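[1] show me how the following folds:
(chains A and B)
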Amino acid sequence: DQQVKQNSPSLSVQEGRISILNCDYTNSMFDYFLWYKKYPAEGPTFLISISSIKDKNEDGRFTVFLNKSAKHLSLHIVPSQPGDSAVYFCAASSYSGGGADGLTFGKGTHLIIQP
Amino acid sequence: DGGITQSPKYLFRKEGQNVTLSCEQNLNHDAMYWYRQDPGQGLRLIYYSQIVNDFQKGDIAEGYSVSREKKESFPLTVTSAQKNPTAFYLCASKPTGAFVSGANVLTFGAGSRLTVL
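    Here you go, the predicted structure:
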């Protein structure tokens, strides 16, 4: 049973426009959410995160929105740039207290930025 | 620079052979993790360790083994019992503890690609 779902395997966006990547989760115990970016044959790199006590977190071109009642979060990238082309993973945890359990990942969305 | 080093980058194995993937970190992180990535499958947790000489099974531990003899090192052995070992393997680490900076974020290595011939 998949606890973190990214229902769009791929997304194509024109350079300069907004990219919106979506993620849904089913486990009500999740209290911390992260987005990772991954290039082929490399490890994922941390992008942005949000605690369940917030509904928005912004870092430069990247904003993550959390809707707890809908168990949904989204990553907005604006404006989109060619270097943003990568696979984006949504991840969740239930250890905002700093425990050691691993993150639960979605299957990823391949974002393609077209010139 | 602090980080996580995985080796080898690429590894080929014949069926029936055990192979060990190395993971070393100099971030002074307590917890370490092994994930497996398959195309279209995301990242799935194999094993994790919170402290030296202790480790826990993740979601797909069958056919794998680990050890944690040193804080810096968390090698993964892919045994012949693993039915479909061809995959991209990722090691990660993080600090632990409430109110510890970065305790919610995993740092990943560059990965090791294992191919079974």
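[2] lowest confidence element among the helices and strands of chain A?
    strand A:104-105 (a mean of 92; mean pLDDT, DSSP states H and E).
[3] direction included, what does the very next helix or strand once past it pair up with?
    Using DSSP states H and E, the helix or strand that follows strand A:104-105 in sequence is strand A:109-114. In the sheet, strand A:109-114 lines up against strand A:10-14 (parallel), strand A:86-93 (antiparallel) (DSSP bridges).
[4] quickly compare these and say which is most buried.
    Highest mean neighbour count among those (mean count of other CB atoms under 10 Å in any protein chain shown): strand A:86-93, with a mean of 23. (Glycine included, C-beta is placed from N, CA and C.)
[5] quick one: contacts of that one?
    A:3-4, A:6, A:21, A:23, A:25, A:27, A:30-39, A:44, A:47, A:73, A:75, A:101-106, A:108-111, B:42-43, B:104 (CB atoms under 8 Å, 6 or more residues apart in numbering or on different chains).
[6] mind giving me the ChimeraX command for buried ones among the residues you listed?
    A single ChimeraX command is used to select the members of the contacts of strand A:86-93 judged buried by 16 or more other CB atoms under 10 Å in any protein chain shown:
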select /A:4,6,21,23,25,30,31,32,33,34,35,36,37,38,44,47,73,75,101,102,103,104,105,106,108,109,111 /B:42,43,104
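[7] mind checking which of the contacts of strand A:86-93 land in strands?
    Using DSSP state E, the members of the contacts of strand A:86-93 that fall within strands are A:4, A:21, A:23, A:25, A:32-38, A:47, A:73, A:75, A:104-105, A:109-111, B:42-43.
[8] got a pLDDT number for residue 59?
    Here I'm looking at chain A. pLDDT for residue A:59: 96.
[9] actually chain B
    90.
[10] if I pick it, what's in contact with it?
    Contacts for residue B:59 (CB under 8 Å, 6+ apart) come out as B:44, B:45, B:46.
[11] mind checking which helix or strand residue B:6 is in?
    With DSSP H and E as criterion, residue B:6 is part of strand B:4-7.
[12] just the CA coordinates of that strand, formatted as CSV?
    These are the backbone C-alpha positions of strand B:4-7, laid out as CSV (Å, rounded to 0.1, in the frame of the first residue of the first chain):
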residue,chain,number,x,y,z
ILE,B,4,28.8,10.5,1.9
THR,B,5,31.0,8.4,-0.3
GLN,B,6,29.6,5.3,-1.9
SER,B,7,31.8,2.8,-3.8
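[13] many thanks, we can stop here.
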